[in-house]
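Chemist: fold the following.
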Amino acid sequence: MKSSTPTTMRAARFCIVNSGGSYDNGTKDFLFQKPDGTYGVKGLRRAPYNLSAVLEASTIYFVEGELCADRVNETWRVATTLDSGSKSKWLSEYDNYFKGKEVIILPDNDVAGLEYGTMIASHIPGSKIVLLPGLKSKVYFTSILGSLVYQGKWR
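Modeler: Below you'll find the predicted structure:
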């Protein structure tokens with residue numbers, strides 16, 4: 001018998017919501033959309049972003065957010081993130097996905113990003129947090145990735 005409750009998250013939508021509930025010029029809000037079009041995470045099996053590539057890769061870049069992961073993936077590397085950015089929680093089922101892999105953590109350069117990177121590192125033995133020299137406070141890795149690629153510093 002087929003369950004009507006989805007077991008995996010297939011889509012996420014990023015919205016800017018203002019205090020009146022309109023989707024413009026407001027604060028960030030992430031809405032998790034299920035395949036049936038409803039929103040929420042209840043009943044979903046959570047997994048790191050880009051999991052199929054993570055399972056195949058020997059080196060993985062752990063970043064904060066899907067946009068950053070996509071930008072790293074565009075440079076022929078494998079990147080992942082968790083589903084709630086710096087507020088993500090580590091689930092024990094993630095442990096096996098990263099065993100025996102080289103994991104490089106590239107946190108955003110703010111308090112939340114550094115806490116997120118430290119949390120990820122605490123769950124992946126042998127992982128490395130890489131802080132980019134000269135990166136100003138609250139500047140995100142994606143902001144400078146294009147420049148690093150152009151200058152040949154992202155190899």
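
Chemist: hey, where'd the helices end up in the chain?
Modeler: Using DSSP state H, the helices of the chain run over residues 51-56, 66-73, 95-98, 111-123, 141-150.

Chemist: next, format those helices as TSV and append mean pLDDT and mean neighbour count.
Modeler: (Glycine included, C-beta is placed from N, CA and C.) Formatted as TSV, the entries for the helices of the chain read as follows, by pLDDT from 0 to 100; neighbours: other C-beta atoms under 10 Å:
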stretch	mean pLDDT	mean neighbour count
helix 51-56	94	13
helix 66-73	82	20
helix 95-98	94	14
helix 111-123	92	17
helix 141-150	54	15
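
Chemist: need those in a markdown table with distance to residue 36, can you?
Modeler: Conversion of the helices of the chain to a markdown table gives the following (distance: least, C-beta to C-beta, whole Å):
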| stretch | distance to residue 36 |
| --- | --- |
| helix 51-56 | 21 |
| helix 66-73 | 21 |
| helix 95-98 | 26 |
| helix 111-123 | 30 |
| helix 141-150 | 31 |
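
Chemist: where does this structure have low pLDDT?
Modeler: Applying pLDDT under 70 to the chain flags the ranges 1-31, 133-155.

Chemist: let's see it at 80
Modeler: In the predicted model of the chain, residues 1-44, 67, 75-76, 84-86, 132-155 satisfy pLDDT under 80.
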